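# fold the following, please.
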Amino acid sequence: MVKRVTVLMGGASAEREVSLNSGKAAGHALEQAGYTVTMLDVGRDPGDMVREIVASRPDVVFNALHGRFGEDGCVQGVLNLLEIPYTHSGLLASAAAMDKAFARALFVQAGIPVADGRVVAKGEPAPLPRPYVVKPLNEGSSVGVYVIKEGDNRDPLTDWPFAAAQVLVEEFVPGRELTVAVMGGKALGVLEITSDRGFYDYDAKYAPGGSRHLMPAPIPAADAAECCRLAEAAHRVLGCRGVSRTDIRYDDTRLGQPARLAVLEVNTQPGMTATSLVPEIAAHGGITFPELVRWMVENAACDA
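Numbers count the residues shown, from 1 in each chain. Next up, the predicted model:
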């Protein structure tokens, strides 16, 4: 029986503040659900993290880390070695989902529609006509994402504001931004995200008033069902477990033609504040935030 839960949050990635908010919210909800909770603000030293986790004697670790190290399989590997069950996906699925190019390849092989694109090395020209999107291969929360449109003077492929030597360039799919929460392999519903910024970037996600959420998404029932099917398929293809969130572009701008769906990515560590996307979708289905995090803890596992 799970009694003690240690929440990992913070970390050293570009998503540190997001992770702190997720960890604090999840920790408080777990306390409401009746668990004894220890909240650890993880720093850069993995040795310190291991010592603090062991000292907290958890039955389960709630992994609220986002971005590199916490979301890409690294922490999952450490917890596997410690043989401590943890929430969200395991090492392989976490690493696969975080690598956008690798995940795209798996989706294409499985028949899951994606935006046209390819990996570009520093110094190479853009492989697509404008508009296109440039994004790092291994970041989350739209960190470092650029949308290049006709008439834009900026050119990140020339200026190269990226730490890595390669980036992913994809066509810009017009239309709407949808997201689907998956819990235990089953989709919970489809939410639409709108923003006056014209693109759901980091500021639109986290700045006050940066975006608005429409739940359920105001799209035809058949299209919503297809979004759920694709999210479940992407979750399954990557080998995810627990809770994930799939982001999808919905192009309904072509008059007289069916809407086009393109899966962008699967988030294996989605934001977990009470007002984050997955909890909001779950709440619409009657699952409270404490019930959601309780389910995640009770269904935790490790790869050991």
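# and A301, what pLDDT?
pLDDT recorded at A301 is 96.
# any idea which helix or strand carries V37?
strand 36-42 (DSSP states H and E).
# also A26?
Assigned by DSSP H and E, A26 falls in helix 16-32.
# please apply the same query to M272.
Here M272 is assigned to no helix or strand, by DSSP H and E.
# same check, this time on R294
helix 289-298.
# residues touching the residue nearest the centre of the chain, list them.
By CA atoms, centre = their mean, the chain has its centre lying nearest to N267, at 2.2 Å. N267 is in contact with 97, 140, 244-247, counting by CB atoms under 8 Å, 6 or more residues apart in numbering. (C-beta placed from N, C-alpha, C; glycine too.)
# then the helix holding A26 to CSV, C-alphas only?
Only the C-alpha atoms of helix 16-32 are listed here, as CSV (Å, rounded to 0.1, in the frame of the first residue of the first chain):
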residue,chain,number,x,y,z
ARG,A,16,12.4,24.8,-14.0
GLU,A,17,9.7,27.3,-12.9
VAL,A,18,7.0,25.3,-14.6
SER,A,19,8.2,22.2,-12.8
LEU,A,20,8.2,23.9,-9.4
ASN,A,21,4.6,24.9,-10.0
SER,A,22,3.6,21.4,-11.1
GLY,A,23,5.4,19.8,-8.1
LYS,A,24,3.9,22.1,-5.5
ALA,A,25,0.4,21.7,-6.9
ALA,A,26,0.7,17.9,-7.2
GLY,A,27,2.3,17.6,-3.7
HIS,A,28,-0.6,19.6,-2.1
ALA,A,29,-3.2,17.5,-3.9
LEU,A,30,-1.5,14.3,-2.8
GLU,A,31,-1.6,15.5,0.8
GLN,A,32,-5.3,16.2,0.3
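# what comes up buried for that helix?
Neighbour-count burial for helix 16-32, counted by 16 or more other CB atoms under 10 Å, picks out 16, 18-30.
# adding pLDDT and distance to T6, write the residues you listed out as JSON lines.
What follows is the buried residues of helix 16-32, written out as JSON lines (pLDDT from 0 to 100; distance: CB to CB, whole Å):
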{"residue": "R16", "pLDDT": "88", "distance to T6": "18"}
{"residue": "V18", "pLDDT": "89", "distance to T6": "19"}
{"residue": "S19", "pLDDT": "92", "distance to T6": "14"}
{"residue": "L20", "pLDDT": "94", "distance to T6": "15"}
{"residue": "N21", "pLDDT": "94", "distance to T6": "18"}
{"residue": "S22", "pLDDT": "94", "distance to T6": "14"}
{"residue": "G23", "pLDDT": "95", "distance to T6": "10"}
{"residue": "K24", "pLDDT": "96", "distance to T6": "14"}
{"residue": "A25", "pLDDT": "95", "distance to T6": "16"}
{"residue": "A26", "pLDDT": "95", "distance to T6": "11"}
{"residue": "G27", "pLDDT": "96", "distance to T6": "9"}
{"residue": "H28", "pLDDT": "95", "distance to T6": "14"}
{"residue": "A29", "pLDDT": "94", "distance to T6": "15"}
{"residue": "L30", "pLDDT": "96", "distance to T6": "10"}
